[in-house]
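# my questions concern the predicted model and sequence given below.
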Amino acid sequence: IGYYHQNLVGLAQRLADHLDTAPDGAPRERMWQVRAKEVVLAQGALTRGAKAGAAREARAALALKPDSEIAVLTLAQAGENEAQVRELLAKFIAAHPDAREVRAAHARLLVNEKQFEAARTEFLLLDKQQPDNVTTLYALGVLSTQLNDPSGAERYFTRFVDVLGRNPEDERDPSKALLI
C-alpha cells in the first residue's frame, strides 16, 4: 500500500474482502512488508564479500529512492576508501539532515579518524533530535573526556545515568559512566 522508510514496501493481499460471502473466521486481507529488491541484493552481495556488486545494487536503490538511509549505508560499507565514504555520508547528510542513522555512522567514522571535535558536533545534532538516546549521551560523554572537557563529560554521563534510571529495562550498564 506504500513505499516507506528504508526501502520498505507495504502490500495488501485480498483474501476474502472481495468475495460476496467470506468463509467464517477467514481474514479479509493480509499485509505484506517487503524490502525493495535492490537493497536486499546489495546487502546479500555485501554479506558474500562482493563489494562491487553491493555498491552497484546500493546505487540502484538510491536511484529509486534518493533518501534511503539503508542504501547509502550499504554503499558506505562497500566502500574501500575511508575518505570517499566520509564524503559520501557527509553529502547525504547535507541533502537529508534528519537522516539519523547516516549521521550516526558519519560520527563514528569521524571518531575512528580521531576527528573528535567534528564527531562531537555530529553527536550534538543527534542529541537535539533525540535527547534521551543513551548511545548518543554515552558517546558525547566519552568524546568530552577525550577533548579534555570534564564538565561536558560529567553533564553527558549524568544524563546517561538519569535516562537509564528512567528506563530500567534498558540492558546498558550505567556503571560504565560512573567508572569514567
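Done, it's in.

# just the helices in the protein please.
Taking DSSP state H, the helices of the chain run over residues 37-47, 51-64, 69-78, 82-95, 100-112, 116-129, 134-146, 150-166, 175-179.

# and the average pLDDT for the shortest one is what?
If I follow you right, that is helix 175-179. Regarding helix 175-179, the rounded mean pLDDT is 50.

# that older thread, Serialize the helices of the chain to JSON lines and add fields for mean neighbour count and distance to E29.
(C-beta placed from N, C-alpha, C; glycine too.) As requested, those are exported to JSON lines (neighbours: other CB atoms under 10 Å; distance: least, CB to CB, whole Å):
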{"stretch": "helix 37-47", "mean neighbour count": "19", "distance to E29": "23"}
{"stretch": "helix 51-64", "mean neighbour count": "19", "distance to E29": "26"}
{"stretch": "helix 69-78", "mean neighbour count": "23", "distance to E29": "27"}
{"stretch": "helix 82-95", "mean neighbour count": "16", "distance to E29": "36"}
{"stretch": "helix 100-112", "mean neighbour count": "19", "distance to E29": "31"}
{"stretch": "helix 116-129", "mean neighbour count": "18", "distance to E29": "35"}
{"stretch": "helix 134-146", "mean neighbour count": "21", "distance to E29": "37"}
{"stretch": "helix 150-166", "mean neighbour count": "17", "distance to E29": "39"}
{"stretch": "helix 175-179", "mean neighbour count": "13", "distance to E29": "47"}
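
# who's in contact with the closest residue to L110 other than its chain neighbours?
Using CB to CB, 6 or more residues apart in numbering and skipping the chain neighbours, the partner closest in space to L110 is A119 (3.8 Å). A119 sits next to 107-108, 110-111, 139, 143 when contact means CB atoms under 8 Å, 6 or more residues apart in numbering.

# ditto for F92
Applying CB under 8 Å, 6+ apart, the residues near F92 are 72, 99, 102.
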